[in-house]
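Q: Test case, fold it:
(4 chains)
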Protein chains: 4
Amino acid sequence: MYYGTYLGLDKVLNAQHPVSFEAGNEPAHDEMLFIIIHQAYELWFKQILFELDYITGVFSKEKINDNAEDMNLVRHRLRRIIQILQLLNKQVEILDTMTPLDFLEFRNLLTPSSGFQSKQFRLLEARLGLEIDHRHHKDYYKRTNEGGFTREDYQHITAIEEGHNLLELVNRWLERIPFFREDFWTGYKATTAGKHHPFWNDYRAVYEAGLTEREKNKIHDFDLVFFEQRAAHYTDEQATAMKTLFSPAALRSALFIMLYRDFPLFQTSYQVLDALIEIDHLMSSWRHKHLVMVRRMIGMRVGTGNTSGAGYLEGAMSKHFVYRDLSGLSTYLIERKKLPALPDALIRNLGFQL
Amino acid sequence: MYYGTYLGLDKVLNAQHPVSFEAGNEPAHDEMLFIIIHQAYELWFKQILFELDYITGVFSKEKINDNAEDMNLVRHRLRRIIQILQLLNKQVEILDTMTPLDFLEFRNLLTPSSGFQSKQFRLLEARLGLEIDHRHHKDYYKRTNEGGFTREDYQHITAIEEGHNLLELVNRWLERIPFFREDFWTGYKATTAGKHHPFWNDYRAVYEAGLTEREKNKIHDFDLVFFEQRAAHYTDEQATAMKTLFSPAALRSALFIMLYRDFPLFQTSYQVLDALIEIDHLMSSWRHKHLVMVRRMIGMRVGTGNTSGAGYLEGAMSKHFVYRDLSGLSTYLIERKKLPALPDALIRNLGFQL
Amino acid sequence: MYYGTYLGLDKVLNAQHPVSFEAGNEPAHDEMLFIIIHQAYELWFKQILFELDYITGVFSKEKINDNAEDMNLVRHRLRRIIQILQLLNKQVEILDTMTPLDFLEFRNLLTPSSGFQSKQFRLLEARLGLEIDHRHHKDYYKRTNEGGFTREDYQHITAIEEGHNLLELVNRWLERIPFFREDFWTGYKATTAGKHHPFWNDYRAVYEAGLTEREKNKIHDFDLVFFEQRAAHYTDEQATAMKTLFSPAALRSALFIMLYRDFPLFQTSYQVLDALIEIDHLMSSWRHKHLVMVRRMIGMRVGTGNTSGAGYLEGAMSKHFVYRDLSGLSTYLIERKKLPALPDALIRNLGFQL
Amino acid sequence: MYYGTYLGLDKVLNAQHPVSFEAGNEPAHDEMLFIIIHQAYELWFKQILFELDYITGVFSKEKINDNAEDMNLVRHRLRRIIQILQLLNKQVEILDTMTPLDFLEFRNLLTPSSGFQSKQFRLLEARLGLEIDHRHHKDYYKRTNEGGFTREDYQHITAIEEGHNLLELVNRWLERIPFFREDFWTGYKATTAGKHHPFWNDYRAVYEAGLTEREKNKIHDFDLVFFEQRAAHYTDEQATAMKTLFSPAALRSALFIMLYRDFPLFQTSYQVLDALIEIDHLMSSWRHKHLVMVRRMIGMRVGTGNTSGAGYLEGAMSKHFVYRDLSGLSTYLIERKKLPALPDALIRNLGFQL
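A: Numbering: from 1, shown residues only, chains lettered A, B, ... in the order given. Sure, this is the predicted structure:
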């Protein structure tokens, strides 16, 4: 067993073939960096996908055993993904040491290939839960012509996209968590509106009652998001704008876990939800750094600040949030001191018999 | 001379007064972090402003001495600002350890104050070159009522905004750099169009000639950006979209420095331009992290992903670029090997008599 | 409520008084950075101490309620301390932008004060568990003359040092955790030796048996560390070298938690132990960066690489580990698959009644 | 041209073969991370070596052209190496997510291979200037048996070690820089001693004169370091302890550049020297993080804090400084205001004819 052999360095360290170094071209020093940094990205994408295999595996179980390592390892490995994404964000700074003038030396030799063709990155997004129909310029992703994916890669991606992604599996897991008597939410909703209201679930009453517009809307949003009850006066457009990726039942569980995170049974689950939000944010951060870098590298019409490439990235940045339903739950939090007390029977199930 | 006295720690370490700790309120543990992290931000803002004092001081000179420390220190201190901004970006991660539920415990006690009221941050933006008229929702910045600035702070900010900001001073410095025979640009422009064209400056000819649309537009943009010559067929809207913050003469110098950066006379100047671009990007990065954090903290209507606060930040993020004219210059770069040779007389002035 | 007033910025932003800026001296530009960066450090030290107040508060309880937020918040706030320490490590890079020549401009004006006099940093170390008798050059810390602490600060520090530090409290908490039948460790120890041995606890037998030296030593170390049983042939020196800061009973619990971390009851406790180790490592990292920076700043006899200041820091770096007994436990880990099975009765207490 | 083909991803992404995944073994989840993180390290080592090729290439020139890109690119690419090293430092945090218990699952399958066998890392150290004779436990590096290098790798390393490393080339470059009249140093030395002394170069006089011990030693050290003049009373041991890796002539130039860094001719050279120091520090930082990580991973005899592996790393950390002569120069700096004025003729050569 020898270090280099074990790590397959003969393969890894012989996979750099700058086109500009080939006979007939003028060697562009920075093409080596360009290749190596992308290879490093791909290595890490593979690692993230490997961790996702385990994580989706756990969430695919019919029954997750809260007394075994399942969720504890999911938490641990999501944290690892987070640290990898932090590294990938930092890695962009190294590419920034390649100035636009340096890039120009070999840029044309690479067309029409582009980072857009990274299969692993697409899979990573898809498996986290970014569905093709929610992608910015979705047809963009379906090209198998120049600049798009090979038919083979495309089929692979499509197959994965048709399988269950992490968001769906987490949604299913949340839906399975068994609580609670409807009236918990009845009281809770009234509280979120900032004022307790006896007839909260009687819309007519709501309008007659002394609730502010803001309070009423909060109640209407609450009904829509957590119970799919749409206020009579909501336009289809409003309703669509409020459409969530998670189901109402799942969001109720997620909210409940956020609120009662300190009970042993939820301590690890809460960290899992929190990690999903953080992953989403790091992906967004990565897209932002990437956008800024591409703008600088490829340039833009001075003054306008755009290129089709950068334009696409800008759209993706604001649209490709997968777990924003979870971060959005903050809207419906209430202060700990106002939390409805839980029934003793329930509390017993949330902790240890000490 | 004693460490604590020298650093005025009696003041600095006694300036934390969480409202929630006052009699009558329930202490919210995380309010201490909230206060300290903002104080740390303000300390660093002060340091950045202090460095900017020096830098703008140099650029305000009638004549910058290229044989003395002027530009070398400007470069050095811009790099320092960059490192501080990198720290401030990382610092956001610490605020992320305050969960929305924790924030809720004291959030209401703080209204209507908000980070928007940070005078130093506004000054920092203003002095870098962000003018009130280019701000997103500019009237927002003019409020002196609840949630706005005190009249005193507002006047201070306005006074600074009326002075010369770094962008203006850098623009003036660039304009003063003496070059070059017009025909340098004549040849250069033709090259940027990807094809040399004898009648490049005869529009009629251009249309008859075998230039692609893209090539023609490149030439037209070039004329507009670097020579304020507007192509007959440009609509006012197009022309406005192409408006730059730097003057054509300044942009010509900046482009020239980027291209010939390796000549001794430009080595430091190039690093200065590069630092300004990086500062812009780090400010943008900070706005993005800030946006994501605020969204998560204050929440949004689930599904829509927006609050007025976050909405404002989103607009600011895409609009508050100050030096994008400089990063945008990449559009007009050409490969080193195609660079027009410089006259020997000029070359002699760009280097040392060895 | 106004941002600046709330944050006491009138105090914080008016606490910078560079000596070199005073009449009669030549202003040294970098003294401002020097002051502000130290103030930022002190602000963060205050925050860390504030978090430690809460954490030691929990561990001071007669009984920690595993069914409430106690340990969950301890975990959360230890993670926050970790993120702050990461920031402080990065912050050193900013001080690196002050070159030795720049420091020289005002360095002499500061004598005899030094960072060594940071009361908060000493308290931070003391409260984490660094005892005066384990400090490198302990008398160094007792000076109240020039370069030392004021008598007042010194007394404050001493008072704190005499109270219970986090290490002691964590030790007490670990000792209270009730397990296990001696024979668990009997079997375990034999396994760590890499070979099961029937007479493991009969030293004579051990020597006669076919154990390698390494195996025997492992067993002897085990006896000493976890049961205070010293092998007959150990010299006093060896025994002293093996002295631990945690008690054998506490180390047994810590090891047990590390091994069975996946059981719900230990999931959070394990993260707490892990965080303590990480804090120790970040403190060490900080000392290393600090050492390298001081060496560069103050210089050293070329070739020797030392100054008394740097010499002290080097000693501190290698000696000031507080939780190395915890990281050292790795020596006694065995593979999961070899772990002794736990009695069902016990297992029931480690999880939920689902 | 297709992204995946261009990057040789078929090779790079198929080079991970965890031993524990092979038939007959129990798959250890974290072995994948272990492999990928080491491959990422090796990719970056290749990039650093590639940059070093260019840099040593420039310094190997008989004559470096200060009017061309040579030094500007050396500066730029050294900065890139710095950013890569910063990334590699951060990368250690990811390996920290593999806990000792996880490592134990496959650790034994890897013996006797170890990171010590990374050929590229050795080459990197060697090419920076770490000579075999200055290595900690140098014979350690000569093993070609188990745990050492293959004979082939060993020969490759030795060949490189016999070539000119960066330190030697930089030393030669510094020696070639032509200055200055001896008497510059005469006056300078006297000043560094903190007191001007007429008979500075007459040792007898020095003892009779009113210099403090410290002042005298400073002068003696100065003579030894910059002029190889050894004070009569220095013991061989003292003299050896003061031995430098750079030659006196080179150190004089380096010191001169540090002092007059603001003159155009030195602006870039100074940044180059500064970058070499920073690289040294980042390598040291990396060794420290590595040491701490290994200690935690492999453990140590509790209380003693050591394993042979960690012991070696500890020694390496404090010994493997390559450019400490440069950082050590701070000892001999004097305040700008005390700097001897330079002759006009010289000044003219240090700047531009404006």
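Q: Pull the contacting residues for the residue in the stretch 51-200 of chain A that chain B sits nearest to.
A: With Cβ to the nearest Cβ as the measure, residue A:100 is the residue of the stretch 51-200 of chain A nearest to chain B, at 3.7 Å. C-betas here are computed from N, CA, C, even on glycine. By Cβ atoms under 8 Å, 6 or more residues apart in numbering or on different chains, the contact list for residue A:100 reads A:296-299, B:330, B:333.
Q: Columns distance to chain D and neighbour count on top of those, output as a markdown table?
A: Below are these laid out as a markdown table (distance: Cβ to the nearest Cβ, whole Å; neighbours: other Cβ atoms under 10 Å in any protein chain shown):
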| residue | distance to chain D | neighbour count |
| --- | --- | --- |
| A:296 | 16 | 24 |
| A:297 | 16 | 21 |
| A:298 | 16 | 17 |
| A:299 | 20 | 19 |
| B:330 | 17 | 23 |
| B:333 | 16 | 19 |
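Q: quick one: which of the residues you listed is nearest residue A:91?
A: residue A:297 (15.0 Å; Cβ to Cβ).
Q: Residue A:331 - nearest residue in space that isn't next to it in sequence?
A: Excluding its sequence neighbours, the residue lying closest to residue A:331 (Cβ to Cβ, 6 or more residues apart in numbering or on different chains) is residue B:299, at 3.4 Å.
Q: To clarify, my last question referred to residue A:296.
A: residue B:327 is the one closest to residue A:296 (Cβ to Cβ, 6+ apart), at 4.4 Å.
Q: what packs against whatever helix or strand the one you found lives in?
A: Taking DSSP states H and E as the criterion, residue B:327 maps to helix B:324-328. Helix B:324-328 sits against helix A:264-298, helix B:264-298, with contacts defined as 3 or more Cβ pairs under 8 Å, 6 or more residues apart in numbering or on different chains; DSSP states H and E.
Q: Determine the number of other residues adjacent to the residue of the stretch 151-300 of chain A found nearest chain C.
A: When scored by Cβ to the nearest Cβ, the stretch 151-300 of chain A has residue A:262 as its residue closest to chain C, at 3.6 Å. With neighbours defined by other Cβ atoms under 10 Å in any protein chain shown, the count for residue A:262 comes to 19.
Q: Quick check: next helix or strand after the worst-scoring helix or strand of chain A on mean pLDDT?
A: For chain A, counting by mean pLDDT, DSSP states H and E, helix A:203-208 ranks last in confidence among helices and strands (a mean of 50). Per DSSP H and E, helix A:203-208 leads on to helix A:213-227 as the next helix or strand towards the C-terminus.
Q: got the buried residues for that next one?
A: Using 16 or more other Cβ atoms under 10 Å in any protein chain shown as the test for burial, helix A:213-227 gives A:215-216, A:218-227.
Q: is the next helix or strand after that helix up against chain B anywhere?
A: Later in the chain than helix A:213-227, the nearest helix or strand by DSSP H and E is helix A:236-241. Yes. Legend: contact between helix A:236-241 and chain B by Cβ under 8 Å from any Cβ of the partner chain is shown at residue A:241.
Q: one step back: tell me how far the nearest residue to the residue of the stretch 51-200 of chain A closest to chain B once chain neighbours are set aside lies from residue A:296.
A: Once flanking residues are discounted, residue A:100 sits nearest to residue B:330: 3.7 Å by Cβ to Cβ, 6+ apart. As judged by Cβ to Cβ, to the nearest Å, residue B:330 and residue A:296 stand 6 Å apart.
Q: before we move on, the earlier item: what sits against the residue nearest to residue A:331?
A: Residue B:299 touches A:327-333, B:100, B:307, counting by Cβ under 8 Å, 6+ apart.
Q: Adding pLDDT, write these out as JSON lines.
A: Converted to JSON lines, the contacts of residue B:299 look like this (pLDDT from 0 to 100):
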{"residue": "A:327", "pLDDT": "92"}
{"residue": "A:328", "pLDDT": "91"}
{"residue": "A:329", "pLDDT": "92"}
{"residue": "A:330", "pLDDT": "90"}
{"residue": "A:331", "pLDDT": "86"}
{"residue": "A:332", "pLDDT": "88"}
{"residue": "A:333", "pLDDT": "89"}
{"residue": "B:100", "pLDDT": "94"}
{"residue": "B:307", "pLDDT": "44"}
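Q: for the residues you listed, which one is nearest residue A:173?
A: residue A:329 (16.1 Å).
Q: Would you point out the most distant pair within the buried residues of helix A:213-227?
A: Pairwise distances across these peak at 17.4 Å for A:215 and A:227 (criterion: Cβ to Cβ).
Q: Name the nearest residue to residue A:13, sequence neighbours excluded.
A: Distances taken as Cβ to Cβ, 6+ apart place residue D:46 nearest to residue A:13, at 5.7 Å, with adjacent residues excluded.
Q: For the helix or strand containing the one you found, give the mean pLDDT please.
A: Using DSSP H and E, residue D:46 maps to helix D:31-60. When pLDDT is averaged along helix D:31-60, the result is 98.
Q: Next: stretch A:169-183.
A: Stretch A:169-183 comes out at a mean pLDDT of 83.
Q: got the buried residues for that stretch?
A: By neighbour count on 16+ other Cβ under 10 Å, the buried set for stretch A:169-183 is A:169-171, A:173-175, A:177, A:180.
Q: Touching, residue A:10 and residue A:3? I think so.
A: No. Assessed by Cβ atoms under 8 Å, residue A:10 is found out of contact with residue A:3, at 12.0 Å.
Q: Which of those two has more residues huddled nearby?
A: Taking other Cβ under 10 Å, residue A:10 and residue A:3 do not tie; residue A:3 has more neighbours (22 against 12).
Q: tell me the contacts of residue A:107?
A: Listed by Cβ under 8 Å, 6+ apart, the contact set of residue A:107 is empty.
Q: same check, this time on residue A:88
A: A:41, A:44, A:286.
Q: Narrow these to just the buried residues.
A: Neighbour counting by 16+ other Cβ under 10 Å classes A:41, A:44, A:286 among the contacts of residue A:88 as buried.
Q: Now the last one. Nearest residue, chain neighbours left out?
A: By that I understand residue A:286. Once flanking residues are discounted, residue A:286 sits nearest to residue A:89: 5.4 Å by Cβ to Cβ, 6+ apart.
Q: and the one you found, what element?
A: Taking DSSP H and E as the criterion, residue A:89 maps to helix A:70-95.
Q: starting at the chain centroid, how far to the next helix or strand after that helix?
A: As assigned by DSSP H and E, the chain's next helix or strand after helix A:70-95 is helix A:100-110. The chain centre lies 33 Å from the centre of helix A:100-110; the measure is Cα atoms, centre = their mean, to the nearest Å.
Q: Quickly check: the helix or strand following helix A:100-110 near chain D or not.
A: Moving toward the C-terminus from helix A:100-110, the next helix or strand (DSSP H and E) is helix A:119-128. Yes. With Cβ under 8 Å from any Cβ as the measure, helix A:119-128 is seen reaching chain D through A:119-120.
Q: Rounded mean pLDDT for helix A:119-128, please.
A: For helix A:119-128, the per-residue pLDDT averages 96.
Q: helices and strands around it, which ones?
A: Packing partners of helix A:119-128 (3+ Cβ pairs under 8 Å, 6+ apart): helix A:31-60, helix A:151-162, helix A:166-176, helix A:264-298.
Q: Please consider this matter closed, and thank you.
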